[in-house]
Every structure is written in structure tokens, then in C-alpha cells.
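# Sequence and predicted model, in that order:
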Amino acid sequence: MRAVVQTAYGGAEALELRTAPRPTAGAGEVLIRVHATGVNDQDWALLTGKPFFVRAFNGKRGHRGRILGLDVAGEVVEVGDGVSNLSLGDRVFGDLSERGNGGFAEYLSTAAAAFTRIPDNLSFVDAAALPHAGNLAVQALVDVAKLRPEHRLLVNGAGGGVGPLIAQLASHYGVRDIVGVDDASKQEFMRAVGFTRSLDYRAVDFTRSGERFDVIIDTRMTRSPFGVPRALAPGGIYVAIGATTSSLLGLALWGRLIGRMTGTRLRMLWLKPNASTSELATLAEAGVLKPHIDRVMPLADTGLAMERFGAAQHRGKIVIAVAG
Ligand SMILES: NC(=O)c1ccc[n+]([C@@H]2O[C@H](COP(=O)([O-])OP(=O)(O)OC[C@H]3O[C@@H](n4cnc5c(N)ncnc54)[C@H](OP(=O)(O)O)[C@@H]3O)[C@@H](O)[C@H]2O)c1
């Protein structure tokens with residue numbers, strides 16, 4: 001099979017298109033013919049080896065020969081012993097970030113439990129754009145923030161992979177005021193994907209604008225946790241999805257105390273991969289969730305796709321069409 005293999009930490013030059021042995025399905029596993037794989041922040045971190053703890057967790061040589069790609073959509077072509085939830089020919093999708101990744105290759109075998117059936121109205125490309133970002137959106141907004149229709153919602157870092165899904169979900173739950181914060185070039189994009197208002201973070205510091213929100217979701221944690229309560233209504237909740245190492249430490253150390261002193265709650269989301277994928281399938285089937293695709297690129301251009309992602313040139317999800 002054709003596979004894009006990582007040879008070192010780096011950029012596009014650290015990825016090689018090679019011929020590799022096709023895997024087989026072991027007990028409890030399925031073999032998937034991969035049709036499409038979404039590009040995510042975690043792929044970029046594993047490729048570049050940044051931030052530093054990525055290298056600490058992956059060992060000195062753990063990255064060599066590795067096949068990245070965690071957001072996978074494909075077709076079951078072999079079923080291992082003991083698998084009862086999937087059959088040959090099923091169209092499936094899932095987040096393989098805790099199962100060794102492997103989506104930038106024509107075939108992969110992994111536990112059948114990692115996959116959910118793709119609804120008929122969803123293409124492989126759209127399905128590959130949903131699991132990772134969609135699980136983050138559902139778990140932050142529904143499981144942690146417990147969003148209600150009367151809430152005012154602000155999303156910081158709203159113009160990336162997760163923001164548009166949060167806007168669609170919030171609108172589905174009846175929220176009327178959905179504010180997105182990102183840079184000047186993404187204002188139109190944010191309003192096109194469902195934010196009712198958009199702010200340029202260089203022009204407005206949302207923690208100092210005087211406005212208060214019941215729920216703030218943050219994909220980047222670019223403002224100090226000490227300033228965040230200024231933008232929260234009494235009893236409001238702030239959920240950080242993504243953060244730098246230092247802001248994460250700040251939140252872990254001070255979040256609870258800041259919350260107690262200001263009558264708000266500051267939380268970090270710990271993603272449970274695939275815990276919400278069947279909910280995503282239902283929402284996508286009902287037309288509530290429709291991923292925004294930046295572009296679809298062939299497997300041979302995976303390095304270019306990663307560089308486009310790393311240079312923040314994308315609007316919406318980049319997807320690799322693995323099967324051509
Ligand atoms: N909590 C968990 O368990 C968990 C698990 C997996 C992943 N994650 C994290 O979850 C996040 C996923 O979000 P995503 O996929 O939507 O990320 P994304 O695609 O990188 O989007 C983030 C957006 O924020 C923008 N941004 C940059 N600086 C900003 C600033 N100062 N103020 C406001 N916006 C700013 C970015 O713009 P540019 O692109 O122009 O920089 C981008 O549009 C990632 O940070 C990922 O690391 C968390």
C-alpha cells in the first residue's frame with residue numbers, strides 16, 4: 001500500500017511517500033481502506049515535535065517510521081475475530097489519536113471500537129473532518145459548559161477547526177448571541193459559518209470590552225485566566241479547549257481559586273476521543289453539523305497540506321483524499 005511515513009521531526013521534508021506492507025485485522029480489529037483523513041493540530045505537533053513535551057512522550061526515535069493521521073473515514077474491508085459491531089463494506093469514521101493514528105496510508109487496522117458508521121448523507125471527506133474537532137465541540141459546549149438557549153456565548157480562536165462546529169451546535173440549541181473572536185482576515189468566514197457577531201482580537205481584547213458572557217469557549221487561551229472573569233456573567237463558565245503550556249499551567253494552578261473569588265468557573269477540557277462520535281453522526285445526519293472544508297489534497301501532497309496547516313493559511317478543515 002502507499003503510506004506517508006515520518007522520517008524525522010520537521011516540516012514537509014520529514015514526510016516520505018513510500019510503499020509499505022498492507023496490515024491485516026487482528027482479533028477485535030477491522031482493516032479499513034482509508035478514503036479520507038483530516039489534518040489536525042495534533043498531527044502538526046507530532047510532525048514538528050513541538051511543544052517540547054511531545055518529544056518527551058514519544059521517545060528519542062518514536063517518531064521514525066510513524067504514519068500520522070488521526071481523523072479517519074473509510075470502508076471496512078476485513079473483520080477480525082470477535083468483532084460484532086461492524087461488517088464488511090461498512091462506511092466508518094473515528095478519531096485514532098489514542099490508537100496509534102495511521103490515517104495517511106491506504107489501509108490501517110485497529111480496534112473496531114474506534115469506529116462509528118458514517119450516515120448515508122455524509123461523504124468520506126466531510127466525515128474525515130468531524131471526529132476530533134466535533135468531539136471537542138460537543139464535549140466543551142454540551143458536557144462541560146451545559147449550554148442553554150438563553151446563554152450568551154463567546155468563542156475565542158473561533159476561525160479554526162472547532163469554532164464553526166461550535167457555532168452550528170449553539171445555533172441548533174437555540175442560542176441567539178454567538179460571538180466569534182479571531183484575526184481580521186477571518187471575520188467574514190466566522191459570520192459565514194454561523195457566528196452572529198465577530199471580533200478582531202488585535203482590535204478588541206474580549207476580557208476588557210465590558211461585555212459579559214454566560215459561556216466562553218477558548219481554543220487558544222491567549223488571554224490571562226486572571227482577566228477572563230471580567231468577561232463572564234455571574235455563575236458563567238470558561239472552558240479552555242487548547243492552550244500553550246504556560247497558560248495551561250496558569251489555569252491548572254489558579255483556575256479554581258480565581259473562580260471561587262469571582263463567582264465564575266474556569267475549566268480545562270480533557271478530550272475523550274470518540275465518546276461523542278455517535279452523537280456527531282446523528283447531528284450530521286440531521287443536517288445540524290456540516291464541516292467547512294478548506295481544501296482536499298491528494299495523499300502525495302500530505303507534506304504540503306501539513307505546511308498549509310502549520311502556516312495557518314487554511315479556513316476550515318484540510319482533508320487528504322487518500323483513496324484518490
Ligand atoms: N483539550 C484537549 O483534550 C485537546 C485535545 C486535542 C486538541 N486540543 C486542542 O484544541 C484546539 C482545537 O482548536 P482548533 O482545531 O479550532 O484550532 P485551530 O484550527 O488552530 O484554530 C484556532 C484559531 O485561533 C486563532 N488564533 C490565533 N491566535 C489568536 C488570538 N490571539 N486570539 C484569538 N484567536 C487566535 C487561530 O488563527 P491562526 O490559525 O491564524 O493562528 C485559529 O484560527 C487546539 O488548540 C488543540 O491543540 C485539545
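Perfect, thanks for sending it. Numbers count the residues shown, from 1 in each chain.

# how about the residues of this protein that lie near the ligand?
Residues of the chain lying close to the ligand (Cβ under 6 Å from any ligand atom) are 41-42, 133, 136, 156-157, 159-163, 181-183, 186, 201, 219-220, 222, 241-242, 269-271, 312. Yep, even glycine has a C-beta here, placed from its N, CA and C like the rest.

# Could you tell me which of the residues you listed belong to strands?
In strands, defined here by DSSP state E, the members of the residues of the chain next to the ligand are 156, 181-182.

# Now do the same contact list for the residue of the stretch 1-150 of the chain found nearest the ligand.
Minimum separation of the stretch 1-150 of the chain from the ligand (Cβ to the nearest ligand atom) falls at Asp41, amounting to 4.0 Å. Each residue near Asp41 by Cβ atoms under 8 Å, 6 or more residues apart in numbering is listed here: 161, 242, 309.

# cool, and Gly236?
Contacts for Gly236 (Cβ under 8 Å, 6+ apart) come out as 212-216, 264-265.

# Secondary structure element for it, which one?
Secondary structure from DSSP states H and E places Gly236 in strand 232-240.

# hang on, His35 in a helix?
No: note on His35: no helix contains this position according to DSSP: H, G, I helix; E, B strand; the rest coil, which reports strand.

# Most neighbours of all the contacts of Gly236, which one?
Neighbour counts for these peak at Ile216, which has 29 neighbours (criterion: other Cβ atoms under 10 Å).

# ok, that one - contacts?
Residues near Ile216 by Cβ under 8 Å, 6+ apart: 153-156, 206, 228, 231-232, 236-239.

# with the residues you listed in mind, which one is nearest to the ligand?
Taking Cβ to the nearest ligand atom as the measure, the ligand lies nearest Asn156 of the contacts of Ile216, at 5.1 Å.

# what about the closest one, how many neighbours?
Using other Cβ under 10 Å, Asn156 is surrounded by 27 other residues.

# per-domain residue ranges of this structure.
Annotated domains of the chain cover 2-130+291-321, 132-268 [automatic domain parsing].

# Make CSV out of the ones you listed and add mean pLDDT.
As requested, the domains of the chain are arranged in CSV below (pLDDT from 0 to 100):
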stretch, mean pLDDT
domain 2-130+291-321, 95
domain 132-268, 96
